[in-house]
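Trainee: Let me see the structure of the following:
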Amino acid sequence: MAELSTRANFLWALIGRVVYGLSQWGTIVALAKFGTVETVGVFSLALSVTAPPTTFLNLNLRNLYATDIEDRFAFASYQRLRYGTALGGLAICFGLAAGFGRTSAAVLAIALMGGAKAVETLLDFRYGIYQRFGRMDRYGQSLIVRGSFGTITLAVAMWATANLPVALLAMGGVWVVVLLALDVPRSRTIYQARASGPRGWSWPEVTSIGRLAFPLGVVALIDSFTQNLPRYLVEYYGGAQALGLYAPMTYVVVVGAAFTFAVGAPLAPRLAAFHVARDRRGFTRLSVRLIVLGAVMGVAGVVFAIALGEPFLALAYGPIFAEHDHVFVWIMVSGGLQYVMVLAMYPLTVARRLRIQALVFVAVALVTLGFGMRWVPGLGLLGAAYASVCGFAVGSVLALAANVFAVLSIPAKR
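Mentor: Numbering: from 1, shown residues only. Below you'll find the model as predicted:
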């Protein structure tokens, strides 16, 4: 099965990510339309609680396998580790459900979300086969099918039952069907046709992969915690209803994040080529281009929020959300700063400035937590938005400064 062209792989990845991002936003819209503000709050809490542990235990194995072109480790060893981390993440989510759920419905929602996340990690690993062998059409199609049918099924279940656990169970069922009926057979066919190297697995290999992947999991954990921190603070100080008002507005930023991936991922190989060639000028120009694109996207989001925020929120979620259009503006400011920071990470990754990335995320988390604890009790949703703006402002400045040092560290051509 031949690889697609670079352009075709890029387009399929872009379409899949954008459609899936819109589907995530559509899920929130469906919950707001067919449920209550508290329903949205419980869903957002379940997502926020389960995201950090499952993101950490994902260990970025998809990218590790996809870039292991020398077949240092067998696919079966990667797969055994993925099964283990999926089960471990599920067990942790069950434990967190008992600790964070204030009601029986919340406990059940967190547990079911943990199950859906476990399925998602298994799907993500299958996507590594598509990425490895240049078939991102399969990746994009899986995201489109899973996102659209998952959202439609959840919406129908909410309309019919007004019961969040039932809706989550229905969505999770769709994900299981996509995994077993679509991605397992498709990825197996590609792997059997294209893969070479060892086929068996061994415990030493599994542990070696785990040690290699652990730092990547830590960075992903910090990133996930940082993005969810304002939601934790809103729920802690204001309860599920406050979170139900705040979280839907942040999902517009999630849709924009799909575009940052589509912009950054295809340009990363070109950045690497400049870095290897010690072309400081080319590396700098492309890095600046990435960062400016992030800033342009951020400005566009803020302008949209100022000009159309109130009618957009009323149409998408309901009149009660339109009353908080001023909060939406500051959420979009935070999102714009986040886009800049995320795109500034690509040059740092190419330059192998990996530790500084973790430090940047830690700084964002600490600043957000500090200002959030100060402002959220008194200002509510607006305080959470302010804290997020401050956190990502600091992160953007630190990431940009690290890029300057990364450029200066490029050795001169001989």
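Trainee: other SSEs contacting the host helix or strand of residue 366?
Mentor: Residue 366 is part of helix 354-379, with elements assigned from DSSP states H and E. Secondary-structure packing of helix 354-379 (3 or more CB pairs under 8 Å, 6 or more residues apart in numbering; DSSP states H and E): helix 203-276, helix 325-350, helix 381-408. To be clear about C-beta, it is placed using only N, CA and C from the backbone, and glycine gets the same treatment.
Trainee: a markdown table please, covering the ones you listed and showing distance to residue 293.
Mentor: What follows is the helices and strands packed on helix 354-379, written out as a markdown table (distance: least, CB to CB, whole Å):
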| stretch | distance to residue 293 |
| --- | --- |
| helix 203-276 | 5 |
| helix 325-350 | 7 |
| helix 381-408 | 14 |
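Trainee: so which of these comes closest to residue 94?
Mentor: Of all the helices and strands packed on helix 354-379, helix 203-276 sits nearest to residue 94, with 18.5 Å by CB to CB.
Trainee: ok, and which of the helices and strands packed on helix 354-379 has the densest surroundings?
Mentor: Mean neighbour counts were compared across these using mean count of other CB atoms under 10 Å; the top stretch is helix 325-350, at a mean of 24.
Trainee: distance between that helix and the chain's centre?
Mentor: Counting by CA atoms, centre = their mean, to the nearest Å, helix 325-350 is centred 13 Å from the centre of its parent chain.
Trainee: And that helix, what does it pack against?
Mentor: On a contact count with 3+ CB pairs under 8 Å, 6+ apart, helix 325-350 meets helix 203-276, helix 280-316, helix 354-379, helix 381-408.
Trainee: between those helices, which gets the lowest average pLDDT?
Mentor: Here these differ in mean pLDDT, and the lowest is helix 203-276 at a mean of 81.
Trainee: how far off helix 354-379 does that one point, in degrees?
Mentor: Inter-element angle recorded for helix 203-276 and helix 354-379: 90 degrees (by axes from the mean of the first three to the mean of the last three CA atoms, to 10 degrees).
Trainee: quick one: helix 203-276 to helix 325-350, angle?
Mentor: Interaxial angle of helix 203-276 relative to helix 325-350 (the same axes, to 10 degrees): 90 degrees.
Trainee: For the helix or strand where residue 171 lies, buried residues please.
Mentor: Per DSSP H and E, residue 171 falls inside helix 164-177. Within helix 164-177, the residues scored as buried using 16 or more other CB atoms under 10 Å are 164-172, 174-175, 177.
Trainee: Tell me the helix or strand right after that helix.
Mentor: Taking DSSP H and E, what comes next after helix 164-177 is helix 184-194.
Trainee: Does anything pack onto that next one? Which helices or strands?
Mentor: Contacts defined by 3+ CB pairs under 8 Å, 6+ apart place helix 184-194 against helix 104-132, helix 136-161.
Trainee: Could you rerun that using 7 Å?
Mentor: Using 3 or more CB pairs under 7 Å, 6 or more residues apart in numbering; DSSP states H and E as the contact test, the elements touching helix 184-194 are helix 104-132.
Trainee: so what does the helix it packs on touch, helix or strand wise?
Mentor: Applying 3+ CB pairs under 7 Å, 6+ apart, we find helix 104-132 packed against helix 37-58, helix 61-66, helix 75-100, helix 136-161, helix 164-177, helix 184-194.
Trainee: right, so those helices: which one is the most enclosed?
Mentor: Using mean count of other CB under 10 Å, helix 37-58 ranks as the most buried of these, with a mean of 25.
Trainee: Next, the angle helix 75-100 makes with it.
Mentor: Comparing the axes of helix 37-58 and helix 75-100 via the same axes, to 10 degrees yields an angle of 140 degrees.
Trainee: and for helix 37-58, what are the contacting residues?
Mentor: The contact list for helix 37-58 (CB atoms under 7 Å, 6 or more residues apart in numbering) reads 28, 31-32, 85, 88-89, 92-93, 96, 100, 105-106, 109-110, 113-114, 117, 121, 124, 164, 217, 220-221, 224-225, 228, 231-232, 235, 240-241, 243-245, 247-248, 320.
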